[in-house]
Structures are given as structure tokens and as C-alpha cells.
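[1] coordinates only, no sequence provided:
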């Protein structure tokens, strides 16, 4: 039976966990890339050196936020695909089990009819 509150279901909690992991990993990856680009900008560009520290922090945070959004979305799409495949496998197993059960019943009926002859 499904819970009445959809946000407390097991699938939702797993999806949230996967999205948070993706956001953290994306923030770290893109934060490193933003810091590297900031370092390159600082050494090569007098315009970048002239920017205020607040704006440089803003640029760094923007890169981290964009990276976290991109990676979280990527992880969520992977999770959704994995769940879809798992559900399809479960459905196919159920159909296969019904088929095997029906086949066993047919074999039992045919063996009983042969014994009566």
C-alpha cells in the first residue's frame, strides 16, 4: 500500500539522497574548476585583478551552484532510469512466473489425462 504522503516514500528518500550526493559532487568539481579559472584570470587578466573580492566570491559561488545543479540533475536522471529498469525487470519476472505457473498447470492436466487412458 502506498503511503498517503508521497514525500515520505522510500523511493522519494532515495531520490533525495541521490540528488544531494550529485549536488555535493558537482559543487566540488565545478568549484575546483572555478578556482582554477579564477587563478588563471588573476595571473593573466588585469581586469580580473581589479574586481572586488565580493564579485570574485560571487563568480566562484556561481560556478559551484551551476555545477551542483547540473550534477544533481544528471544523477536524478540516472536514478530514474535505474528505477525504471528495476521495475521493468520485476514486472517481467512476475509475467514469467505466471507463465511458468500456467505451464505447470497445463503439464499437470496433460499428465493426469494420460494416466486416465
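    Noted; the coordinates are in hand. Only a predicted model underlies this, so the values are computations on that prediction, with no experimental measurement involved. Numbers count the residues shown, from 1 in each chain.
[2] going by C-alpha atoms from here, please, whenever you check contacts or count neighbours.
    Fine.
[3] just checking, what packs against the lowest-mean-pLDDT helix or strand in the chain?
    The helix or strand of the chain with the poorest confidence is helix 53-116; it has a mean of 91 (mean pLDDT, DSSP states H and E). Packing partners of helix 53-116 (3 or more Cα pairs under 8 Å, 6 or more residues apart in numbering; DSSP states H and E): helix 10-44.
[4] hmm, who's touching the helix or strand that the helix it packs on is followed by?
    Scanning forward in sequence from helix 10-44 by DSSP states H and E, the next helix or strand is helix 46-49. Residues from elsewhere that reach helix 46-49 (Cα atoms under 8 Å, 6 or more residues apart in numbering): 41-43.
[5] can you pull the buried residues of helix 46-49?
    residue 48 (16 or more other Cα atoms under 10 Å).
[6] what is the orientation angle of the least confident helix or strand of the chain with helix 10-44?
    Angle of helix 53-116 versus helix 10-44, following axes from the mean of the first three to the mean of the last three Cα atoms, to 10 degrees, is 150 degrees.
[7] re earlier: which among the contacts of helix 46-49 gets closest to residue 75?
    Distances from residue 75 to the contacts of helix 46-49, taken as Cα to Cα, are shortest for residue 41 (30.7 Å).
[8] count of residues packed around the closest one?
    14 (other Cα atoms under 10 Å).
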